[in-house]
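Visitor: got a sequence here, can you model it:
(one chain, ligands or ions: 1)
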Amino acid sequence: MRYLTIALAKGRMAKKSMELFEAIGIPCEEMKEEGTRKLIFVNEDLKVRFFLAKANDVPTYVEYGAADLGIVGKDTLLEEGRRLYEVLDLGIGRCRMCVCGPREAADKLKHHELIRVATKYPGIAKDYFYNKKHQTVEIIKLNGSIELAPIVGLAEVIVDIVETGSTLRENGLDVLEEIVPLSARMVVNQVSMKIEHERISRILDAMRVLLREQGGRMI
Ligand code: PRP
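Guide: Residues are numbered from 1 along each chain as shown. Purely as a prediction, here's the structure:
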């Protein structure tokens, strides 16, 4: 039997994703070893292997079929725009994509002034301002700590993820507009969906049952 390969986004969602797989009977002991530099983790009995990748790369691995399945945030899926099947909302990592900034920036937004928008998500920002709001803005791509941009005067507003809101609060910024709610999604390669239909359907069915049972607890 060939390995079923599953790509997980590195970081805060990886542990929760593995807990879900373990709960449906697909554990991976190798992955629990502390301090390992290994990149791929195998469950030989089930012929399933997992790997951790940068979130932005997960849709790429899945689109090209290097991974049959992936778990990644909706933010990354929207930004990357890859051809794959988004099959399940796992309800973990719930947060929102928002336009944020100092309160004064709200007027500039309202009056469609030509403002600068700093973001790690230029695709999402462009789609929101150009296609939804029909507003011309200058988008500046950054790679992290986006909240800095309006504080030091690089941009009037940011488009970024808000989870608890504490990063904004601690830096004197507010949510000005909400773009889209986000959470972790399971994605499937389009060819794998056909050739591995049985194994993938079993995983999806088990996940659905688990999520229903867990209700609000995990979510
Ligand atoms: C994310 C996001 C915000 C923060 C939001 O950053 O970009 O900065 O989390 O969370 P909060 O609303 O709970 O404060 P992350 O920590 O992933 O790092 P980054 O700034 O390097 O992108």
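
Visitor: just give the number of residues close to residue 166.
Guide: When counting by other Cβ atoms under 10 Å, one arrives at 9 neighbours for residue 166. Where C-beta positions appear, they are placed from N, C-alpha and C, glycine not excepted.

Visitor: ok, it to residue 147 distance?
Guide: With the distance defined as Cβ to Cβ, to the nearest Å, residue 166 ends up 11 Å from residue 147.

Visitor: swap in residue 157?
Guide: The spacing between residue 157 and residue 147, counted by Cβ to Cβ, is 11 Å.

Visitor: the most centrally placed residue in the chain: what's it in contact with?
Guide: For the chain, residue 73 is the residue whose C-alpha lies nearest the centre (Cα atoms, centre = their mean; 1.5 Å). Shown in contact with residue 73 (Cβ atoms under 8 Å, 6 or more residues apart in numbering): 9, 13, 55, 93, 182-185.

Visitor: quick one, phi psi at it?
Guide: Residue 73 adopts backbone torsions of phi -70, psi 150, taken as degrees, to the nearest 10.

Visitor: beta partners of residue 116?
Guide: Counting by DSSP bridges, residue 116 is bridged to residue 138.

Visitor: a helix runs through residue 150, doesn't it?
Guide: Yes - assessed with DSSP: H, G, I helix; E, B strand; the rest coil, residue 150 lies in a helix.

Visitor: show me the contacts for it.
Guide: 100-102, 105, 118, 156-158, 173.
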